[in-house]
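Colleague: Build me a structure from this.
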Amino acid sequence: MAYRGLFTKHVSIWAAVVMASRLPVAMAPLAFLFYGRGTDAGYSGGAAMAAAYAIAEAIGAPLLSTRLRTRPYRREIASGLGLSAVAFALLTFLSAPGTVLAVALAAVAGAAAAAAPGALRTMAEDLAPRKHIHTALSLESTLNMAAWAASPALVSVLALEVGPQTPFLLATLATLAATASLWLLPDKAGTTGEGQRAPLKQALTAWPVYVTSIAAMYLLASIELTLPALLEHRDLPVTYSGPILTGFALASIVGGLVYGARTWPGRVERQSTVLLLVMIAGVAATALASTWPAIAGLLALTGLLQAVVLITRNLTLREELPSDLHPVGYSALYAGSGIGYGLSAAATGLLLTATTPDTVVLIATGTTLVLTAATWLRRKTSEVKKPVAG
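Modeller: Numbers count the residues shown, from 1 in each chain. Predicted structure coming up:
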């Protein structure tokens with residue numbers, strides 16, 4: 001099995017760092033809302049903190065990752081994680097920081113560690129045996145999804161049973177653990193100062209991959225945010241939305257593990273496009289389904305495919321960019337996912353006030369289909385323009 005050859009000592013430590021660094025990110029949105037609920041900030045203040053965190057992450061990820069081209073990875077990642085841990089710690093122990101300061105600390109926590117996911121993904125390329133690269137990236141995506149699956153329960157229990165600031169204590173400890181464990185890994189040095197002057201601009205030449213990332217997250221966020229309203233629209237219990245989304249998350253974990261267990265036929269770019277189209281069809285069918293087992297089954301299938309789409313997207317980017325631009329490209333992908341989720345949240349909120357939930361989901365599938373078609377046509381055009389050797 002592919003995973004047996006993957007887990008060397010350093011890869012095992014790397015996996016622990018990935019999980020510990022991703023858990024605070026997954027906890028943050030709900031933790032901010034519970035913080036607002038339990039303090040003078042209120043729900044609006046919690047929402048402002050969540051927005052500041054997400055926006056700072058999306059801006060910080062591609063910008064800070066450009067520093068990795070010429071600097072040691074461990075130092076850069078540790079600095080960002082350390083600053084993020086300080087921000088989380090201040091949110092934990094300041095008794096009444098005020099909404100403005102709380103929002104500022106949330107932004108610092110998000111921006112400071114934003115380059116870590118892309119940098120750690122790039123480090124995996126050196127730590128894992130070459131024949132197991134796709135397995136390592138599958139594992140990284142699976143760990144990320146596991147963190148997101150576990151975080152709602154962790155945050156809810158800590159915030160409601162202990163205190164509204166307690167989730168930030170766990171986020172601080174997890175971030176510090178990731179920072180300390182990072183020094184057990186061999187360092188990865190950036191290139192010399194020579195070379196491309198505008199790495200972010202160079203990385204954006206792979207824009208079809210980033211658009212695919214935005215499209216996939218737009219689709220997933222739409223069905224996630226619309227599900228309670230969709231169940232109610234079908235006269236089904238709204239309380240089923242929690243178990244259905246849990247099934248979706250677990251299916252994503254399984255999908256990532258299965259994809260990484262072997263190599264699959266066809267180019268990864270084609271795999272990503274085809275599976276995204278199947279995802280679109282599955283979500284559209286969910287909008288039309290009338291029973292909760294059908295909705296749950298279709299979303300479980302979507303979860304399985306989502307994992308593979310995310311992994312093949314990473315592998316596609318790895319093929320399209322030179323190695324020194326991988327952290328920038330991965331961070332741009334990360335930012336694209338955040339943009340897709342944010343756009344979907346805004347559009348879903350507006351559309352639900354004007355039309356039915358099933359129509360909202362169908363509009364999202366149509367939007368995603370248009371974006372996917374645009375990236376496919378761009379790739380086909382590029383292939384036609386390539387000069388023929390000889």
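Colleague: What are the neighbouring residues in contact with residue 299?
Modeller: Residue 299 is in contact with 223, 227, 244, 245, 247, 248, 251, 282, 286, counting by C-beta atoms under 8 Å, 6 or more residues apart in numbering. Just so you know, the C-beta spots here come from the backbone N, C-alpha and C atoms, and that holds for glycine as well.
Colleague: what do you get if the cut-off is 6 Å, keeping everything else the same?
Modeller: Residue 299 makes contact with 244, 248 under the criterion C-beta atoms under 6 Å, 6 or more residues apart in numbering.
Colleague: Can you give me the neighbour number for the residue lying closest to residue 204 once chain neighbours are set aside?
Modeller: Distance criterion C-beta to C-beta, 6 or more residues apart in numbering; nearest residue to residue 204, sequence neighbours excluded, is residue 332 at 6.8 Å. Residue neighbour count, defined by other C-beta atoms under 10 Å, stands at 26 for residue 332.
Colleague: any idea which element residue 332 lies in?
Modeller: Residue 332 is part of helix 326-352, with elements assigned from DSSP states H and E.
Colleague: Show me what that helix is packed against.
Modeller: For helix 326-352, the elements it packs on are helix 42-65, helix 116-127, helix 199-203, helix 207-233, helix 357-385, judged by 3 or more C-beta pairs under 6 Å, 6 or more residues apart in numbering; DSSP states H and E.
Colleague: For residue 370, give its distance to residue 207.
Modeller: Taking C-beta to C-beta, to the nearest Å as the measure, residue 370 and residue 207 are separated by 15 Å.
Colleague: Those two: which is more packed in?
Modeller: residue 207 (13 against 10).
Colleague: what sits against the residue nearest to residue 204?
Modeller: Under the criterion of C-beta under 6 Å, 6+ apart, the contact list for residue 332 reads 62, 203, 210.
Colleague: gap between the helix holding residue 332 and the chain center?
Modeller: For helix 326-352, the distance from its own C-alpha centre to the chain's C-alpha centre is 9 Å (C-alpha atoms, centre = their mean, to the nearest Å).
Colleague: now it: mean pLDDT?
Modeller: This predicted structure assigns helix 326-352 an average pLDDT of 85.
Colleague: Stretch 119-127 too?
Modeller: 88.
Colleague: Counting neighbours, which bits of that stretch end up buried?
Modeller: Under the neighbour-count criterion of 16 or more other C-beta atoms under 10 Å, stretch 119-127 has 119, 120, 121, 122, 123, 124, 127 buried.
Colleague: and what of stretch 233-240?
Modeller: 236, 240.
Colleague: Run through this structure and note the low-pLDDT ranges.
Modeller: Under the criterion of pLDDT under 70, the regions of the chain flagged as low confidence span 1, 190-197, 382-390.
Colleague: thinking again about what came up before, of all the helices and strands packed on helix 326-352, which one is nearest residue 156?
Modeller: The minimum distance between residue 156 and the helices and strands packed on helix 326-352 falls on helix 42-65, with 13.9 Å, by C-beta to C-beta.
Colleague: could you say what helices and strands that closest one packs with?
Modeller: For helix 42-65, the elements it packs on are helix 9-38, helix 99-112, helix 326-352, judged by 3+ C-beta pairs under 6 Å, 6+ apart.
Colleague: what comes up buried for the second one?
Modeller: Across helix 99-112, burial judged by 16+ other C-beta under 10 Å covers 99, 102, 103, 104, 105, 106, 107, 108, 109, 110, 111, 112.
Colleague: Now do it and helix 42-65, the angle between them.
Modeller: Here helix 99-112 points in a direction 30 degrees away from that of helix 42-65 (axes from the mean of the first three to the mean of the last three C-alpha atoms, to 10 degrees).
Colleague: Let's have the helices and strands packed on helix 42-65 in TSV, adding distance to residue 258.
Modeller: Listed next are the helices and strands packed on helix 42-65 as TSV, based on distance: least, C-beta to C-beta, whole Å:
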stretch	distance to residue 258
helix 9-38	18
helix 99-112	32
helix 326-352	22
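Colleague: Let me know which of those helices is the nearest to residue 69.
Modeller: Closest to residue 69 of those is helix 326-352 (C-beta to C-beta; 7.3 Å).
Colleague: quick check: angle from that closest one to helix 9-38?
Modeller: Relative orientation of helix 326-352 with respect to helix 9-38: 30 degrees, computed using the same axes, to 10 degrees.
Colleague: buried set for helix 326-352?
Modeller: Neighbour counts using 16+ other C-beta under 10 Å place 326-345, 347-348, 351-352 of helix 326-352 among the buried residues.
Colleague: same question, stretch 304-321
Modeller: Residues of stretch 304-321 classed as buried under the neighbour-count rule (16+ other C-beta under 10 Å) are 304-318, 321.
Colleague: May I have that stretch exported as CSV, CA atoms only?
Modeller: Extracted as CSV, the C-alpha positions of stretch 304-321 are listed here (Å, rounded to 0.1, in the frame of the first residue of the first chain):
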residue,chain,number,x,y,z
LEU,A,304,-15.8,11.9,-2.1
LEU,A,305,-15.2,13.8,-5.3
GLN,A,306,-14.4,17.1,-3.6
ALA,A,307,-11.3,15.5,-2.0
VAL,A,308,-10.0,14.3,-5.3
VAL,A,309,-10.7,17.6,-7.0
LEU,A,310,-8.6,19.4,-4.4
ILE,A,311,-5.7,17.0,-4.6
THR,A,312,-5.6,16.9,-8.4
ARG,A,313,-5.8,20.7,-8.4
ASN,A,314,-2.6,20.8,-6.3
LEU,A,315,-0.9,18.2,-8.5
THR,A,316,-1.8,20.2,-11.6
LEU,A,317,-0.3,23.3,-10.2
ARG,A,318,2.8,21.5,-9.3
GLU,A,319,3.2,20.4,-12.9
GLU,A,320,2.6,23.9,-14.3
LEU,A,321,4.9,26.0,-12.2
